[in-house]
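Student: Could you work out the structure for the sequence below:
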Amino acid sequence: MMQAWRYRSGLLGALLLLPVGPALASKVEVSPGDNLQAVISAAAAGDVLELQAGVYDGPVHVDRPLTLKGGPGVVVDGHGQGRTVEVTSPSVIVDHLVVRNSGRSLDRMDAGIFLDQAAVNAVVRNNTMEDNLVGVYVHGAPGALVQGNRISGWIAPNLNDSGNGVYVWNAPGAKILDNNITGGRDGIFVNVSRQNVFSGNQMRGVRIAIHYMYANNSEVSNNVSIGNHDGYVIMFSDHLTVRDNASFGDRDHGMLFNYANDSQIEGNAVRGGDQCVFIYNANKNRFAHNWFERCSIGVHFTAGSERNVMTNNAFISNRTQVKYVGTRNLEWSEGGRGNYWSDNPAFDLRGHGVADLAYRPNDLVDQVVWRYPAAKLLLNSPAVQVLRLAQSAFPNLHPGGVVDSFPLMKPPDVPTAHSSAFERSD
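Tutor: Numbering: from 1, shown residues only. Below you'll find the model as predicted:
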């Protein structure tokens, strides 16, 4: 008997040492007449608050690991005050809500959903964000996931007073996936972060679709930017993977790289706009299997960018394929394979897919016109025609610039260039 009593006592003691939070967690049905903040404050860790259809008053503050679960017709309204839903606890899930009407103060970081640095591994998914200054503000929340949301931003009379669809600051490991973002300032803006993944998002009607500042060792993939001022602006960031993204009709730049280094830029497609790609003081990057089509300038390359590799890209029907204002010779090929140029009247007598002669997208006349725009008046003069004829016969007369020694006869296969987003926009 004594041994049995000791066994039962030991088992009871072990059970008492187990955490009780999850065991006590339950589903709590919440009605529109309830005070949502009071329900949150009374909930136990791990509870699932199931909100019934109706409008709930915000702002609300979630300070414990809960799930706010909505459905059709479930709205949390911030009434123009502060952060409509503020999260300051790990492992919070905000799911299937309409979150609207945050405050309008950039200084106070007002937002539809605000994830504080304590909101480790928070999940914001399948929500509709309307008329908020910032849709989702990930302010130092490591491992946060923002997925499958529809975000329609507030547009201020002065665009700079608008907020971003998703703002990420110092949130290592955060992932922004499969969101649809319209309106506001930038679709996704990241500043001072690392090891992030932005993938599968679509952005329309914003200033910049995806804007990187001081964010390293991260991935931008499979996103679509349509009709924005700029598509993908990557600045002061290193060791990135930028692949399989699409830009259609972005007004100024499809892609821009400024002080971006040691990165892989592959499989992207840009169609339409002023400049498909602008490269400024960006070094040791690899551009491969990209598609640049129907821009005023295919690639604008300037300001001392060094040791970049350009191979297996397609330059299709750009008014100026490459603009490079410099005197150095830049070789744009690797391992006997260069790029495809739609305006290259080349022959391949050997039949191995590479043109017999090198291709130079610019000549001395281009250099003169870029430096002295008034010289455009002389483009049709006999002197200019003679100069171009001389350069074609004597390549040593070229002043330097981009040289593709192995231009391709056919464009590479870039699936992004034929994606459904592009087909719909044609």
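Student: what bridges to the closest residue to Arg125 other than its chain neighbours?
Tutor: Counting by Cβ to Cβ, 6 or more residues apart in numbering, Gln147 is the residue found nearest to Arg125 once chain neighbours are left out, at 4.6 Å. (C-beta placed from N, C-alpha, C; glycine too.) Beta bridges link Gln147 to Arg125, Leu177 when assigned by DSSP bridges.
Student: distance of Leu176 from Arg194?
Tutor: In this structure residue 176 is Ile, not Leu. 14 Å (Cβ to Cβ, to the nearest Å).
Student: what residues are up against the residue nearest to Arg125?
Tutor: Gln147 is in contact with Val123, Val124, Arg125, Asn126, Lys175, Ile176, Leu177, Asp178, Asn179, counting by Cβ atoms under 8 Å, 6 or more residues apart in numbering.
Student: what about Arg108, how many neighbours?
Tutor: Residues lying near Arg108 (other Cβ atoms under 10 Å) number 11.
Student: how close does it get to Pro59?
Tutor: From Arg108 to Pro59 the distance is 11 Å (Cβ to Cβ).
Student: got any residues that touch both of those two?
Tutor: Gly82.
Student: quick revisit: any idea how far the residue nearest to Arg125 is from Asn127?
Tutor: Taking Cβ to Cβ, one finds Gln147 at 10 Å from Asn127.
Student: For the nearest residue to Gly184 once chain neighbours are set aside, list each beta-bridge partner.
Tutor: Of all residues not flanking Gly184 in the chain, Gly153 sits nearest, at 2.4 Å (Cβ to Cβ, 6+ apart). Assessed by DSSP bridges, Gly153 has beta-bridge partners Asn132.
Student: Gly153 and Tyr167 touch, don't they?
Tutor: No - the criterion here is Cβ atoms under 8 Å, and Gly153 misses it with Tyr167 at 10.9 Å.
Student: Show me the common contact partners of those two, please.
Tutor: Val134.
Student: Closest one of the contacts of Gln147 to His239?
Tutor: Lys175 (17.4 Å; Cβ to Cβ).
Student: For the closest one, give its distance to Val138.
Tutor: 10 Å.
Student: just Lys27 next, same as before
Tutor: Taken as Cβ to Cβ, the span from Lys27 to Val138 is 27 Å.
Student: Compare these two and say which is more crowded by neighbours.
Tutor: Val138 (31 against 10).
Student: need the contact list for that one.
Tutor: Contacts of Val138 by Cβ under 8 Å, 6+ apart are Leu115, Ala144, Val146, Val166, Tyr167, Val168, Trp169, Ala171, Ala174, Ile176.
Student: Pipe the residues you listed into a markdown table and attach neighbour count per row.
Tutor: Formatted as a markdown table, the contacts of Val138 follow (neighbours: other Cβ atoms under 10 Å):
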| residue | neighbour count |
| --- | --- |
| Leu115 | 32 |
| Ala144 | 26 |
| Val146 | 31 |
| Val166 | 32 |
| Tyr167 | 25 |
| Val168 | 29 |
| Trp169 | 19 |
| Ala171 | 29 |
| Ala174 | 28 |
| Ile176 | 30 |
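Student: need the residues you listed in TSV with pLDDT, can you?
Tutor: As requested, the contacts of Val138 are exported to TSV (pLDDT from 0 to 100):
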residue	pLDDT
Leu115	98
Ala144	98
Val146	98
Val166	98
Tyr167	98
Val168	98
Trp169	98
Ala171	98
Ala174	98
Ile176	98
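Student: now, among these, which is nearest to Ser221?
Tutor: Once Cβ to Cβ is applied, the member of the contacts of Val138 that ends up nearest Ser221 is Ile176, at 11.3 Å.
Student: where are the low-confidence patches of the protein?
Tutor: Low-confidence segments of the chain (pLDDT under 70): 1-24, 303, 326-327, 363-400, 420-426.
Student: where along it do the helices fall?
Tutor: 2-17, 21-24, 36-42, 364-371, 382-393, 420-425 (DSSP state H).
Student: The closest residue to Val87 other than its chain neighbours: how many residues sit nearby?
Tutor: Excluding the flanking residues, the one nearest Val87 by Cβ to Cβ, 6+ apart is Ala119, at 4.4 Å. As a burial measure, Ala119 scores 28 neighbours (other Cβ under 10 Å).
Student: Ala119: what's it in contact with?
Tutor: Val87, Thr88, Ser89, Pro90, Val92, Ala141, Ala144.
Student: How much space separates it from Asp413?
Tutor: Taken as Cβ to Cβ, the span from Ala119 to Asp413 is 42 Å.
Student: now do Gly200
Tutor: 21 Å.
Student: Which residue of those two possesses the greater neighbour count?
Tutor: When Gly200 and Asp413 are compared for neighbours, Gly200 comes out ahead with 16 against 12, by other Cβ under 10 Å.
Student: re earlier: the residue nearest to Gly184: neighbour count?
Tutor: 27.
Student: Same check on Ser296?
Tutor: Ser296 has 14 nearby residues by other Cβ under 10 Å.
Student: Over to the one 4 residues further on?
Tutor: The burial metric for His300, expressed as a neighbour count using other Cβ under 10 Å, is 21.
Student: my read: it touches Gln275, true?
Tutor: Yes - the criterion here is Cβ under 8 Å, and His300 meets it with Gln275 at 5.1 Å.
Student: I am finished for the moment; much appreciated.
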